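Novice: Sequence below, structure please.
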Amino acid sequence: MTIIEKILARKSGADKVAPGDLAVVDVDCVVMIDLSFGQGSWREVLKVHDPDKVVVVFDHDVPASNRAAAALHDSSRNTTACGSAKNRRTMARNSR
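Specialist: Numbering: from 1, shown residues only. As a prediction, this is how the structure comes out:
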């Protein structure tokens with residue numbers, strides 16, 4: 001098995017997994033980037049099993065360069081998944 005298959009097998013309690021298998025696992029951490037909240041890519045979150053495992057990273061347009069980017073940041077902060085997440089980080093990677 002590849003390293004990814006080994007990780008998925010261990011986390012799912014299976015002896016092995018292979019391409020095409022369905023592995024249901026309890027994740028350690030979910031990382032979402034700011035672009036996940038843009039129009040066309042965002043889907044409404046109905047329920048988050050463990051908000052403490054959600055990390056949202058703002059790193060593409062920080063600080064917001066225009067109103068649209070600011071609205072995107074706002075909507076991501078107000079989302080069910082992110083509003084209760086303790087692990088929200090802003091990473092200033094912008095070269096402006």
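
Novice: Who does residue 31 form a beta bridge with?
Specialist: Under the criterion DSSP bridges, residue 31 forms beta bridges with residue 55.

Novice: Touching, residue 27 and residue 53? I think so.
Specialist: Yes. Using CB atoms under 8 Å, residue 27 makes contact with residue 53 at a distance of 6.4 Å. C-beta: built from backbone N, CA, C; applies to glycine.

Novice: Can you tell me the closest non-neighbouring residue to residue 30?
Specialist: Spatial nearest neighbour of residue 30, chain neighbours left out: residue 54 (5.0 Å); criterion: CB to CB, 6 or more residues apart in numbering.

Novice: do the same with residue 60
Specialist: residue 34 (5.3 Å).

Novice: Return the residues in contact with that neighbour.
Specialist: Residues in contact with residue 34, defined by CB atoms under 8 Å, 6 or more residues apart in numbering, are 56, 57, 58, 59, 60, 61, 62, 72, 73, 76.

Novice: just residue 16 next, same as before
Specialist: By CB under 8 Å, 6+ apart, the contact set of residue 16 is 1, 5, 9.

Novice: now swap in residue 25 and tell me
Specialist: Going by CB under 8 Å, 6+ apart, residue 25 touches 8, 11, 12.

Novice: Same question for residue 6.
Specialist: Shown in contact with residue 6 (CB under 8 Å, 6+ apart): no residues.

Novice: Just the element for it, please.
Specialist: helix 3-12 (DSSP states H and E).

Novice: export that helix as PDB, just CAs?
Specialist: Taking C-alpha atoms only, helix 3-12 is exported to PDB below (Å, rounded to 0.1, in the frame of the first residue of the first chain):
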ATOM      1  CA  ILE A   3       1.500   5.900   2.400                       C
ATOM      2  CA  ILE A   4      -1.900   7.500   1.800                       C
ATOM      3  CA  GLU A   5      -3.500   4.100   1.600                       C
ATOM      4  CA  LYS A   6      -1.900   3.100   4.900                       C
ATOM      5  CA  ILE A   7      -3.100   6.300   6.600                       C
ATOM      6  CA  LEU A   8      -6.600   5.800   5.300                       C
ATOM      7  CA  ALA A   9      -6.600   2.200   6.400                       C
ATOM      8  CA  ARG A  10      -5.400   3.000   9.900                       C
ATOM      9  CA  LYS A  11      -7.900   5.900  10.300                       C
ATOM     10  CA  SER A  12     -10.800   3.800   9.000                       C
END
